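In: the following comprises the amino acid sequence and a computationally predicted model.
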Amino acid sequence: MASDQERAVRIVAVLESAYPRAVTALSHRGAFQLLVAVVLSARTTDAQVNKVTPDLFRLYPTAQAMAQADPADLEKLVRHLGLFRVKARHLVEMSRELVRRYGGEVPGERAALESLPGVGHKTAGVVLGVFFGKPTLPVDTHVFRVIHRLGLSRAADPARVEEELCRIVPPESRMALHHRLIDHGRTVCLGRSPRCGDCRLARLCAYPAGNREGSGG
DNA sequence: ATCCCGAGGG
DNA sequence: CCCTCTGGAT
């Protein structure tokens, strides 16, 4: 029988071909701009974020610049993203902290990142993984749901799921997998009515009707 | 209508 | 632990 590791390898491979450009969407910038982009991405899509970042980074390319911004001006730029008021405030406060405590540089340690206004576990994890090469596998609702359906973890605590996944998935695959699981969760492995018929992971999944044991599980 | 690629606050 | 903040996508 296939081990969890072997199953994970198969799943990663299928996801790679299904979502070829998963990680690169946010990775082509410096640490500060990446951090800002990830903060902005809450409750939205990369496409929406990518619409505003050119203007945003032209006006505020660095922490120093953004630290002096009027939050009201930032709000106008991120108007079309959800939570825009909160984000604008967080971005300015975050930048001020960056300047005040880290010389305007983005720290590469989890505790320091998470101490920043607006930066929590998920944001810190992505920055750590994409920019600093300390790959984690942040578990949000999508990742949680997909992983559970795939049967790669049964843990109820997301932190526990993350722990188990990191044991199974090699560091160099984690961030890509993170992003691809999210893409997959949003487009195919939907929460309410998953489109198992369109799912390329159906063969490897414990969830779809075709693979279900029915009784005697 | 529903849900959400989160984090802060009570 | 539960609520709130938000618009956009589905």
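Out: Yep, it's here.

In: flag every residue of chain A that's near DNA strand C.
Out: With the criterion set to CB under 7 Å from any atom of the strand, chain A comes near DNA strand C through A:43-45, A:47-48, A:79-86. For glycine as for every other residue, the C-beta is placed from the backbone atoms N, C-alpha and C.

In: repeat that with 10 Å
Out: A:42-45, A:47-48, A:51, A:75, A:78-89, A:156-157, A:186-187, A:190, A:192-193, A:195 (CB under 10 Å from any atom of the strand).

In: just the buried ones from those residues?
Out: A:42, A:44, A:48, A:75, A:78, A:81, A:84, A:87-89 (16 or more other CB atoms under 10 Å).

In: picking that back up, strands - which of the residues of chain A next to DNA strand C land there?
Out: Counting by DSSP state E, the residues of chain A next to DNA strand C place none of their members in strands.

In: now, which of those residues lie within helices?
Out: Of the residues of chain A next to DNA strand C, the ones assigned to helices by DSSP state H are A:47-48, A:51, A:75, A:84-89, A:186-187.

In: which of those residues lies closest to A:R10?
Out: Here the nearest of these to A:R10, counting by CB to CB, is A:T187; it sits at 19.9 Å.

In: circling back to that earlier point, pick out the most distant pair among the ones in helices among the residues of chain A next to DNA strand C.
Out: Most distant of those, by CB to CB, are A:R89 and A:T187, 31.4 Å apart.

In: that older thread, with pLDDT and distance to A:R200 as added columns, please give the ones in helices among the residues of chain A next to DNA strand C in JSON lines.
Out: Listed next are those as JSON lines, based on pLDDT from 0 to 100; distance: CB to CB, whole Å:
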{"residue": "A:A47", "pLDDT": "88", "distance to A:R200": "22"}
{"residue": "A:Q48", "pLDDT": "92", "distance to A:R200": "26"}
{"residue": "A:K51", "pLDDT": "93", "distance to A:R200": "29"}
{"residue": "A:E75", "pLDDT": "97", "distance to A:R200": "40"}
{"residue": "A:F84", "pLDDT": "97", "distance to A:R200": "35"}
{"residue": "A:R85", "pLDDT": "97", "distance to A:R200": "39"}
{"residue": "A:V86", "pLDDT": "97", "distance to A:R200": "36"}
{"residue": "A:K87", "pLDDT": "98", "distance to A:R200": "34"}
{"residue": "A:A88", "pLDDT": "98", "distance to A:R200": "39"}
{"residue": "A:R89", "pLDDT": "98", "distance to A:R200": "41"}
{"residue": "A:R186", "pLDDT": "89", "distance to A:R200": "15"}
{"residue": "A:T187", "pLDDT": "89", "distance to A:R200": "11"}
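
In: between those residues, which is nearest DNA strand C?
Out: Nearest to DNA strand C out of these is A:R85 (CB to the nearest atom of the strand; 2.5 Å).
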